[in-house]
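J.: Predicted model and sequence follow; I will ask about them next.
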Amino acid sequence: MSKRNSTTRARRSAQAGSFELFVHPQRSTPARALGLMWRLRVEITLIIGVVLVWSWLTDRLPTWGAALVLLGPLAVVLTIPATRRYIVRHAWCTLTRHRVRSCLVQARVMTHEGLLPLFVWTRPTPVGERLWLHLRPGLSSRDLEVAAEKIAAACWARDARVQVNPDRASTVWIDVIRRDPLAGTDQITSPLLHGVPVEDDSADEDGQLLVLPDRTTVHPTAPPVDESAPGGAPPPIHVVSAPTGTRPNKRTSPRTTPVTEDQSVAPGMRGRSGEDVSDYV
């Protein structure tokens with residue numbers, strides 16, 4: 001076989017030796033066209049619908065009437081809070097899907113063949129959006145966790161969190177966090193308190209309100225003052241030590257307990273070595 005007729009079926013990246021170089025996802029032209037149509041399915045459907053409705057209205061009404069009929073329902077839908085939130089949240093889902101794909105391309109989160117994860121579904125959440133991705137062979141959730149900060153920056157969000165499906169490791173969820181519902185100034189009420197009777201603890205048995213003292217004027221109780229002592233000094237403290245006839249314990253030294261004049265030490269509170277064990281009783 002001559003050298004001229006021989007062909008080599010290899011990828012272009014194989015010419016780089018042991019390095020795999022790719023700039024953009026490598027796909028065939030029909031696959032890339034179908035992928036583009038699938039990614040832009042919302043925009044394509046919306047454009048086709050508007051064009052069909054406009055052509056149908058212009059055949060029966062003048063131009064200003066067709067524009068009024070077309071923009072009137074849209075204004076009503078955007079005025080109602082429920083429908084406005086629905087449209088805005090799903091619009092963010094479409095934008096987030098495009099931004100995440102662009103981020104994965106720029107961060108090179110793809111296989112060596114240049115294949116990106118499959119975007120299965122995107123839905124709104126109370127804090128942002130959640131994307132369901134199917135990982136191709138050669139990718140793992142670790143690849144997406146490394147690019148989590150880049151995904152959050154690309155989506156203009158607070159944070160991006162990657163979770164793995166506990167049943168299948170090939171399914172990954174990306175939660176794009178845009179807002180914190182606990183950061184508001186409104187008081188959060190718990191539904192667990194519904195139906196619980198409210199009792200007033202500041203009333204006595206007769207139903208009279210009790211006036212509680214001001215805590216700023218309440219002082220701790222002071223020790224008793226001996227009026228007979230000069231200057232109203234507190235009573236002196238006498239120290240009672242262990243009897244001299246007892247032998248101190250080798251492990252512990254004899255304890256001395258401060259008692260006042262009106263206190264007495266019971267004889268039954270002494271240990272064998274004369275140690276005061278009244279604190280342990």
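T.: In hand now; what should we look at? A quick note: this is a predicted structure, and the numbers were derived from the prediction, not measured.
J.: List of residues touching stretch 86-106?
T.: 24-25, 39, 42-43, 77-78, 110, 116-117, 119, 122-124, 128-129, 131, 147, 150-151, 154-156, 174, 176, 178 (CB atoms under 8 Å, 6 or more residues apart in numbering). The C-beta positions use only the backbone N, C-alpha and C, and glycine is treated the same way.
J.: how does it look with 7 Å?
T.: Outside stretch 86-106, the residues that touch it by CB atoms under 7 Å, 6 or more residues apart in numbering are 24-25, 42, 77, 110, 116, 119, 122-124, 129, 131, 147, 150-151, 154-155, 174, 176.
J.: Also stretch 113-126?
T.: 22, 24-26, 89-90, 92-93, 96-97, 101, 104-105, 110, 129-136, 139, 175, 181.
J.: Please pick the buried ones from those.
T.: By neighbour count, with 16 or more other CB atoms under 10 Å, the contacts of stretch 113-126 hold 25-26, 92-93, 96-97, 101, 104, 110, 129-133, 135, 139, 175 as buried.
J.: Select from these every entry located in strands.
T.: 129-133, 175 (DSSP state E).
J.: what's the farthest-apart pair in those?
T.: 129 and 133 (12.6 Å; CB to CB).
J.: are any of the contacts of stretch 86-106 buried, and which?
T.: 25, 110, 116, 119, 122, 124, 129, 131, 147, 150-151, 154-155, 174, 176.
J.: Out of these, which comes closest to residue 162?
T.: Sorting the buried ones among the contacts of stretch 86-106 by distance to residue 162 puts residue 174 at the head of the list, at 5.7 Å, by CB to CB.
J.: what pairs with the nearest residue to that closest one once chain neighbours are set aside across the strands?
T.: Nearest residue to residue 174, sequence neighbours excluded (CB to CB, 6 or more residues apart in numbering): residue 131, at 4.4 Å. When bridges are taken as DSSP bridges, the partners of residue 131 come out as residue 122, residue 174.
J.: if I pick residue 131, what's in contact with it?
T.: Contacts of residue 131 by CB under 7 Å, 6+ apart are 96-97, 100, 119, 122, 174.
J.: Make CSV from those residues and add pLDDT to it.
T.: Shown next, in CSV, are these (pLDDT from 0 to 100):
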residue, pLDDT
96, 95
97, 94
100, 95
119, 91
122, 92
174, 95
